[in-house]
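S.K.: 3D model of this:
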Amino acid sequence: MPFPLVPLPASGRRLTSTWPIRLGDVAPSGRVRLDAIARYLQDVAVDDAADLFGDADFGWVVRRTTIEVARFPVLGEQLELTTWGSALGSRWAERRTSITGSRGGRIETAALWIHVDVETGRPLRHSDAFLAAYEEAVAGRTISSRLVHPDPPSGTALDRGPAWHVRRSDLDVLGHVNNAVYWAVVEESFDIEAKSQLPFRAELEYRGGLDGDSTATVLVLGESLWITSGITSGDDVVATALVGYLDPSTRPRP
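M.R.: All right, here's what the predicted structure looks like:
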């Protein structure tokens, strides 16, 4: 997980919203789940785009999401989410979102999104209006869309893990499993509860998509996870995750 999270810039476009943590967002312990955090990030990104350009543009697919947790917010805690553009590519952009809670919750996130044509799925170049809105906050920072997570170790049997049966309720408006749902698989696969009092970083990378009525396999080795649509090779991997502890001194400050 090599990418540091940049701090809030001194100037440029940003949007701040407030969010309450409700019953449907929390684990039995009361702390907010990772899939709920991913939904917050998706929603605040859409709100920002809608505020700038009117009707929300759903032609964005997430490539990678990083969540760094210093302290988990809990049920009933009021959240403040501040989001801004933090890097640009020709057809993709990184969005940073900082989350602070009224009871001390603290989460830093980054999401790399690719702009696509909804009809064809092909990546689209950014419009002049988009660049004008975010360039000041980005301050010249660029980012690649390449995948950085490792493939499964050579010779690994990708069918050895538990099956994940996709539900129709997992699908979004593009007919694919919504990005936040993959974080529910991370919740199921790692002992996130044990990390709730320690700073840690979880990163999900999306290589492909799963459609309705799909069945995938989940393989976990140490701190790495692979979600695969087949059982033969790394070419079948549709998403990967890395989960590990953080040195508290490395966390960015807003």
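S.K.: And the helices in the stretch 101-250 of the chain?
M.R.: Assigned by DSSP state H, counting those that start in this stretch, the helices in the stretch 101-250 of the chain fall at 128-138, 179-189.
S.K.: which residues touch the first one?
M.R.: So the one you mean is helix 128-138. 9, 11-14, 52-53, 84-88, 93 (CB atoms under 8 Å, 6 or more residues apart in numbering). Quick note: C-beta positions are derived from backbone N, CA and C, even for glycine.
S.K.: now the helices of the stretch 101-250 of the chain as a markdown table including mean neighbour count, mean pLDDT and distance to Val220?
M.R.: Output for those, formatted as a markdown table (neighbours: other CB atoms under 10 Å; pLDDT from 0 to 100; distance: least, CB to CB, whole Å):
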| stretch | mean neighbour count | mean pLDDT | distance to Val220 |
| --- | --- | --- | --- |
| helix 128-138 | 16 | 95 | 35 |
| helix 179-189 | 21 | 94 | 5 |
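S.K.: show me the contacts for Ala38.
M.R.: For Ala38, the contact set (CB under 8 Å, 6+ apart) comprises 65, 67, 179-180, 182-183.
S.K.: Could I get the full set of strands for the stretch 101-250 of the chain?
M.R.: For the stretch 101-250 of the chain, the strands defined by DSSP state E, counting those that start in this stretch occupy 106-115, 163-165, 200-206, 215-221, 224-228, 237-245.
S.K.: contacting residues for Ser189?
M.R.: Contacts for Ser189 (CB under 8 Å, 6+ apart) come out as 218, 220, 225, 241.
S.K.: Compute the distance between the spatially closest residue to it that is not a sequence neighbour and Asp191, please.
M.R.: Nearest in space to Ser189, with sequence neighbours left out and distances taken as CB to CB, 6 or more residues apart in numbering, is Val220 at 5.0 Å. Per CB to CB, to the nearest Å, Val220 is found 11 Å from Asp191.
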